[in-house]
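*Asks:* Need coordinates for the following:
(chains A and B)
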Amino acid sequence: MVIAIGFEGSANKLGIGIIKDGEVLSNPRHTYITPPGQGFLPRDTAKHHQKHALDILRKALDEAKVTPSDIDVVCYTKGPGMGAPLVSTALVARTVAQLWRKPIIGFLNPYQPSDIEMGRLITGADNPTVLYVSGGNTQVIAYSQRRYRIFGETIDIAVGNCLDRFARVLKLSNDPSPGYNIEQLAKNGKKFLELPYTVKGMDVSFSGLLSYIEEKAPELVEKGEYTPEDLCFSLQETVFAMLIEITERAMAHCGSQEVLIVGGVGCNKRLQEMMGKMAEERGAKLYATDERFCIDNGAMIAQAGWEMYKSGQTTPLKDTFCTQR
Amino acid sequence: MSSKTLIKQGAEAKLYSATFHGRPCIVKERFKKSYRHPSLDQSLTNQRIKSEVRALLRSRMNGVRTPTVYFVDLETSQICMEEIRDSVTVRDYIMSVQKSQSLEDSIVQLKPLGRKIGETLAVLHQNNIVHGDLTTSNMLLQSDPMNLNLVMIDFGLSHFENLAEDKGVDLYVLERAILSTHPNSDEFFSEILDSYTQSNPGSADVIAKLDEVRMRGRKRTMVG
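*Replies:* Numbering: from 1, shown residues only, chains lettered A, B, ... in the order given. So this is what the prediction gives:
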């Protein structure tokens, strides 16, 4: 029996999770929420993590009903992400590892291509095509010629970034996340506005679409031609269709029959529904995406650490640094 | 058109073999995608049929071999075009060359093909035809591959644009497709770029954009 605790704070969420042999015992999280219309900056985000780290740690231990002595290994995110929040979180992980005299493992985010093996292990998917969609990344990754390869990606901004920035135009709340609020509004959208749709081979581009909707949205809403709900709906339908299209192309290219969505945007129910329909039409299988794979969280890091600890690997204290990329 | 038999199902279209007034032809039928909003689906399908037909025609007029279009039906989303008989995809050809020979020999043998592809892309781009989905599966070699009778197909994502950015992205898409499909193909792609640069007097801007797009690759900021 191995119990692992994971610390994740590479962006605006601070999460600490405890895992016992694949079972999530606790996974509390606290998100740094900025006022509507604003993004999060490294320094303020780091302050948020510093302020909440100990409370969340206490909560994680209490919910899991474990004491520090039960824990076998401490895991944390090395990167990629924002420097200041990463360092603040790593400091807590290093401190408790030394206080409790436990080994420590530092991780690059499990969904970087080199580590994507992890996603496969966790879901039991055999050879999935992976759509990795978050605030910082948009990639279609598939296994081919004995390696994970990026088949398609955004050639400018990430899909999560595009959604977040549109949420700022509409002054939507950042609580719990801008993308979540777009998703809720989109449910009541009816009128479809045609938006620029940019797929180039297996790559996508969102910047043209974003400029277009950023410019048009205030006027369209003011004139009463479209409601904010309609615009959220149209935006989601368009960007998700682009993502599904490139995923399908990669699947056709590699002959893959399994698909997995990871990353924060992967929590979106409409995206999952569209992916499910595409998979069904191809006779392929969509692997269930739950929060363990979606938002940045501690359990994900603990799970990755648990796998590594079992194979006998730990990180020497002198190598427990952070990296922004 | 006579009765048709399905020969291939791609990600967004089915290919049938049929005859058109006695000539063998290929029918490319785009099908509905139920995951897409119906009006988005209809508009994308029509857009792509039109782009494809326009680019096929325009490429031919500029001396790049493409299948002749016989008939287009927007109602049923079908394009009926010449069948390129006795042909292999460049993808299959490269794989068979790499399989049958040593790495050094295959690099030498594929060199002329790389040059031919570079020249062909130069012609397309000089005429502002941006293919949009360049891969080795979208290029055919008719009859003996050594004769380099290169036929370009699958123009559904194409558009007409005189921007270096779009042409640069076109090359970037091809580079990624080649490197992810064919191991040890770096030199093959350099050969393509080389002959592209030599055949296209306006290539300097395009290559500069290609370098820029490559840099955009990996790391994106989450702020802003």
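*Asks:* going forward, measure contacts and count neighbours with C-alpha atoms only.
*Replies:* Noted.
*Asks:* sec struct for the residue of chain B found nearest chain A, please.
*Replies:* Going by Cα to the nearest Cα, chain A is nearest to B:Asp133 of chain B, at 4.1 Å. Here B:Asp133 is recorded as coil under DSSP: H, G, I helix; E, B strand; the rest coil.
*Asks:* I'd guessed it sits against B:Val173; true?
*Replies:* Yes - taking Cα atoms under 8 Å as the definition, B:Asp133 is a contact partner of B:Val173 at 6.9 Å.
*Asks:* can you pull the contacts of the closest residue to the residue of chain B closest to chain A other than its chain neighbours?
*Replies:* Nearest residue to B:Asp133, sequence neighbours excluded (Cα to Cα, 6 or more residues apart in numbering or on different chains): A:Gly201, at 4.1 Å. Residues near A:Gly201 by Cα atoms under 8 Å, 6 or more residues apart in numbering or on different chains: A:152, A:246, B:132-134, B:157, B:173.
*Asks:* May I ask which of these has the most neighbours?
*Replies:* B:Leu134 (28 neighbours; other Cα atoms under 10 Å in any protein chain shown).
*Asks:* so which helix or strand takes in the closest residue to that one other than its chain neighbours?
*Replies:* Spatial nearest neighbour of B:Leu134, excluding adjacent residues (Cα to Cα, 6+ apart): B:Leu174 at 5.0 Å. Element membership for B:Leu174, per DSSP states H and E: helix B:164-181.
*Asks:* quick one, domains of the chain?
*Replies:* By default, I'm working from chain A. A:3-109+A:296-319, A:118-287 (automatic domain parsing).
*Asks:* ah, no, chain B please
*Replies:* B:5-82, B:87-216.
*Asks:* could those domains go into JSON lines alongside distance to A:Pro128 and mean pLDDT?
*Replies:* Below are the domains of chain B laid out as JSON lines (distance: least, Cα to Cα, whole Å; pLDDT from 0 to 100):
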{"stretch": "domain B:5-82", "distance to A:Pro128": "17", "mean pLDDT": "95"}
{"stretch": "domain B:87-216", "distance to A:Pro128": "17", "mean pLDDT": "94"}
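*Asks:* Which among those is found nearest to A:Tyr76?
*Replies:* domain B:87-216 (28.2 Å; Cα to Cα).
*Asks:* quick one: terminal-to-terminal distance for that closest one?
*Replies:* 37 Å (Cα to Cα, to the nearest Å).
*Asks:* try stretch A:5-17
*Replies:* Distance between the two ends of stretch A:5-17: 6 Å, counting by Cα to Cα.
*Asks:* re the thing from before, what does the helix or strand that comes right after the helix holding B:Leu174 contact?
*Replies:* Using DSSP H and E, the helix or strand that directly follows helix B:164-181 along the chain is helix B:186-199. The contact list for helix B:186-199 (Cα under 8 Å, 6+ apart) reads B:107, B:110-111, B:114-123, B:175, B:178-179, B:203-204.
*Asks:* Also stretch A:306-314?
*Replies:* Counting by Cα under 8 Å, 6+ apart, A:2-4, A:19, A:21, A:73, A:103-105 sit against stretch A:306-314.
*Asks:* Just to be sure, which of those are found in helices?
*Replies:* Among these, DSSP state H puts none in helices.
*Asks:* Nearest to A:Leu185 among these?
*Replies:* Set against A:Leu185, the nearest of the contacts of stretch A:306-314 by Cα to Cα is A:Ile19 (34.6 Å).
*Asks:* mind listing the helices for chain B?
*Replies:* According to DSSP H, the helices that chain B contains are B:38-61, B:90-100, B:103-126, B:164-181, B:186-199, B:203-216.
*Asks:* Please apply the same query to the stretch 1-150 of chain A.
*Replies:* Applying DSSP state H, counting those that start in this stretch to the stretch 1-150 of chain A gives helices spanning A:42-64, A:83-99, A:117-123.
*Asks:* And the stretch 201-325 of chain A, by the same measure?
*Replies:* A:207-222, A:228-254, A:269-282, A:298-310.
*Asks:* The last one vs helix A:42-64, what angle?
*Replies:* Orientation note: helix A:298-310 sits at an angle of 70 degrees relative to helix A:42-64 (axes from the mean of the first three to the mean of the last three Cα atoms, to 10 degrees).
*Asks:* List the buried residues for helix A:298-310?
*Replies:* By 16 or more other Cα atoms under 10 Å in any protein chain shown, the buried positions in helix A:298-310 come out as A:298-309.
*Asks:* Please work out which residues outside stretch A:203-216 touch it.
*Replies:* A:151-159, A:162, A:166, A:169, A:195-199, A:239, A:242-243, A:246, B:173.
*Asks:* Please flag which of those sit within helices.
*Replies:* A:159, A:162, A:166, A:169, A:239, A:242-243, A:246, B:173.
*Asks:* how about those, which pair is most distant?
*Replies:* Across the ones in helices among the contacts of stretch A:203-216 (Cα to Cα), the longest gap, 31.8 Å, separates A:Val169 and B:Val173.
*Asks:* Residue 177: what's it in contact with?
*Replies:* Since you didn't name a chain, this refers to chain A. Counting by Cα under 8 Å, 6+ apart, A:Ser177 touches A:Ile33.
*Asks:* think we crossed wires, I meant chain B
*Replies:* Neighbours of B:Ala177 in contact, by Cα under 8 Å, 6+ apart: A:151, B:134-136.
*Asks:* redo that, cut-off 10 Å
*Replies:* A:151-152, A:201-202, B:133-137, B:171 (Cα atoms under 10 Å, 6 or more residues apart in numbering or on different chains).
*Asks:* Make TSV out of those residues and add distance to A:Lys191.
*Replies:* Formatted as TSV, the contacts of B:Ala177 follow (distance: Cα to Cα, whole Å):
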residue	distance to A:Lys191
A:Phe151	33
A:Gly152	30
A:Gly201	29
A:Met202	29
B:Asp133	31
B:Leu134	35
B:Thr135	37
B:Thr136	40
B:Ser137	38
B:Leu171	37
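*Asks:* closest to A:Gly264 among those residues?
*Replies:* Nearest member of the contacts of B:Ala177 to A:Gly264, counting by Cα to Cα, is A:Gly152, at 18.2 Å.
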